[in-house]
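Undergrad: next come a sequence and a model predicted from it.
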Amino acid sequence: MFDILIAGGWPMLPILLTSALALAIILERFWSLRRSAVLPPGLGEQVRAWVRSARLDPAHIDALAAGSPLGQLLAAAVRVRGRPRELIKERLEDSGRHVVHRMERFLGALGTIALVAPLLGLLGTVIGLIRMFLAVMVHGAGDPTRMAGGIGEALVCTATGLVVAIPAYIFHRYFRSRIDGYAVAMEQEAIRLLDALEAPSEAAAAVARVPARPATAVHPQGAGPAPAPAGR
């Protein structure tokens with residue numbers, strides 16, 4: 001295997017570097033995009049319980065924002081609690097864009113590797129063929145076996161580039177779809193929290209709309225009706 005890689009010439013070096021970078025990105029994204037790290041189980045219900053019990057001190061909110069992407073999104077809504085619903089929704093949308101952008105970190109580089117690796121392999125093949133034809137021009141084409149070996153060595157770069165590009169593209173699409181699923185789940189949790197934040201204000205408004213009952217005279221037990229006022 002090492003001899004085959006050496007046969008590809010110097011264009012194999014950038015291909016091998018991109019393969020190492022792609023492997024590092026894939027491992028890092030697998031670790032960072034674990035479901036337990038992005039959507040901790042029970043976190044949404046815990047935050048809604050904080051809202052209902054009014055336990056929303058700054059320490060809780062800061063710890064919530066630093067814990068996970070879902071926590072960062074929910075903390076953005078909790079910080080503007082008491083504001084109009086449209087303002088809270090706008091804050092959630094802004095924070096959601098930042099959260100998704102953070103989850104997509106390094107995916108652009110992985111997509112670039114999937115695109116560039118075959119081109120690097122093709123470049124190595126072209127350079128190898130040019131080198132082979134120059135040698136034929138100088139020494140002649142008396143040995144067909146040598147020409148076939150040269151072509152095979154040139155194609156090593158193309159094959160290696162494809163070996164790097166195909167997994168990089170597959171994992172790039174896989175992580176994109178996983179992030180899309182996480183975004184939908186976080187949106188659902190944000191809507192539930194928005195409803196929980198709005199419920200106390202609605203209850204207070206309902207209490208304020210209840211008309212006050214008029215005071216009624218209370219007579220002693222067994223007493224008859226109040227006497228009519230005497231005429232003048």
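TA: Good, I have the coordinates. Numbers count the residues shown, from 1 in each chain.

Undergrad: spit out the contact partners of the residue nearest to residue 51 when sequence neighbours are not counted.
TA: Counting by C-beta to C-beta, 6 or more residues apart in numbering, residue 51 lies nearest to residue 196, which is 4.8 Å off, once chain neighbours are set aside. C-betas here are computed from N, CA, C, even on glycine. By C-beta atoms under 8 Å, 6 or more residues apart in numbering, residue 196 lies in contact with 48, 51, 52.

Undergrad: I'd assumed residue 91 was in contact with residue 76.
TA: Yes. Residue 76 lies in contact with residue 91 (C-beta atoms under 8 Å); the separation is 5.3 Å.

Undergrad: which residues of this structure fall in helices?
TA: Ranges of helices in the chain, per DSSP state H, are 2-7, 12-32, 35-38, 43-53, 58-67, 69-79, 85-103, 107-139, 144-209.

Undergrad: run the chain-centre distance for the third one.
TA: Translated: helix 35-38. Offset of helix 35-38 from its chain centre (C-alpha atoms, centre = their mean, to the nearest Å): 10 Å.

Undergrad: could you pull out the buried residues of that helix?
TA: Buried residues in helix 35-38, counted by 16 or more other C-beta atoms under 10 Å: residue 38.

Undergrad: not counting residues beside it along the chain, what's closest to the spatially most central residue of the chain?
TA: Geometric centre of the chain, nearest residue: residue 103, 3.3 Å, by C-alpha atoms, centre = their mean. In space, and not counting its chain neighbours, residue 103 is closest to residue 179: 5.0 Å by C-beta to C-beta, 6+ apart.
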